[in-house]
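>>> Give me a 3D structure for the following:
(one chain, ligands or ions: 2)
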Amino acid sequence: MAQIFTETFETTPGYDNVWSDVTSGEGNSIDPDYDTSNLSSPIGWGSECLKIDVDVVSNNAAVRHDLDEDPEDDLYIRAYFQVDEGTLSALATYSGYILTIIHVLTTGGSSRFTIGIVYDGANYVLRNTYTDDGGGNSDDSAGAITFDTPYYIEAMYNYAGGGGNSSYEWKLNGVTQGSDSGLTLLTGSRRIQLGGCNVPGTSICIDNVSVDDEDWLGPVVGRQKVDGYSVLVNGGLHT
Ligand SMILES: [Ca+2]
Ligand SMILES: [Ca+2]
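Numbering: from 1, shown residues only. Ligands and ions are numbered 1, 2, ... in the order given. From the prediction side, this is the model:
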């Protein structure tokens, strides 16, 4: 195999075929048809993206996809995101709280890694938290995030058995921000969630999510027609 799925949030092939909403209670919203003309859009955002608004932190607001097969030993994921000025202001108010963008879990719901935006007291940065079965680890991106600007995140989580041979790496706009090896894991990745509910008054727009089991996806570099559908061309090995 190679590319497992791509989600562009356009009308075809259909959000409901890929994602289920993870919500509880009222006060938050999930819009898989958000009009990208409201945004500063990079190449390939098309006319619609996912927008998740959070006002009530006690209620979930995320979307979830379970991979069809057994847990993936090698998972590569790429997602674009952008936030508005009000969201960054809210993050500053709740300094240290994370606005989740990507969260990958095991079949049993244990966290593999989470990447989100946090205000560290000086800058808005990405915070990455990942686990091996001996405990948790985290690091922050080197660069500051600003509003109304599209970025893309990539992460690789490799399960190589339980002997301490597993590894992890994550990137922002194609530049490695952190990596680790020698991880002891009990299983691979299975569940993918976008968004998360930690900070009231925030919203995040996400688009062009691709998952692969062989190699980095890289950036979106264009579109092409396949079987009558317009699909993304990714800059990595698998296009
Ligand atoms: Ca849509
Ligand atoms: Ca789109």
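>>> What residues does the protein have near ligand 1?
F9, P32, D33, E48 (Cβ under 5 Å from the ion). C-betas here are computed from N, CA, C, even on glycine.
>>> Any figure for the gap between the first one and V175?
It refers to F9. Using Cβ to Cβ, to the nearest Å, we find F9 at a distance of 25 Å from V175.
>>> These two: which has the busier surroundings?
It is F9, of F9 and V175, that has more neighbours when counted by other Cβ atoms under 10 Å, with 25 against 10.
>>> Compute the number of surrounding residues for the closest residue to L75 other than its chain neighbours.
Sequence neighbours aside, S189 is the residue nearest to L75 in space, at 4.2 Å (criterion: Cβ to Cβ, 6 or more residues apart in numbering). The tally of other residues near S189 (other Cβ under 10 Å) stands at 25.
>>> Can you tell me how far S189 is from ligand 1?
25 Å (Cβ to the ion, to the nearest Å).
>>> Correct me if wrong: that residue contacts Y157.
Yes. Contact criterion Cβ atoms under 8 Å: S189 and Y157 qualify, at 5.4 Å.
>>> Now do the shared contacts for these two.
Taking Cβ atoms under 8 Å, 6 or more residues apart in numbering as the criterion, S189 and Y157 both touch L75, V104, R112.
>>> pretty sure the second one belongs to a strand, no?
Yes. V104: assigned to a strand according to DSSP: H, G, I helix; E, B strand; the rest coil.
>>> With adjacent residues omitted, what lies nearest to it?
Closest to V104 by Cβ to Cβ, 6+ apart is R112, at 4.6 Å.
>>> Also T129?
Take T129 and drop its neighbours on the chain: the residue closest to it by Cβ to Cβ, 6+ apart is S138, 4.3 Å away.
>>> So what's the residue count around T6?
Neighbour tally, T6, other Cβ under 10 Å: 18.
>>> tell me which element it is part of?
Using DSSP states H and E, T6 sits in strand 3-7.
>>> ranking the residues of the chain next to ligand 1 by neighbours, who comes first?
Within the residues of the chain next to ligand 1, neighbour counts (other Cβ under 10 Å) peak at F9, which reaches 25 neighbours.
>>> residue closest to the middle of this structure?
Central residue of the chain (Cα atoms, centre = their mean): I102, 2.9 Å from the mean position.
>>> need the contact list for that residue.
If you count contacts by Cβ under 8 Å, 6+ apart, then I102 has I77, A79, F113, T114, I115, G116, I153, A155, I192, Q193, L194 around it.
>>> now D21
I30, A62, V63, R64.
>>> where does this protein have low pLDDT?
Within the chain, the stretches with pLDDT under 70 are 1, 12-14, 237-239.
>>> State which one residue of it is found closest to ligand 2.
As assessed by Cβ to the ion, ligand 2 sits closest to G46 within the chain, at 3.6 Å.
>>> Ignoring the adjacent residues along the chain, who's closest to that residue?
With Cβ to Cβ, 6+ apart as the criterion, G46 has its nearest non-adjacent residue at 4.9 Å, and that residue is E10.
>>> Perfect, I'm done here.
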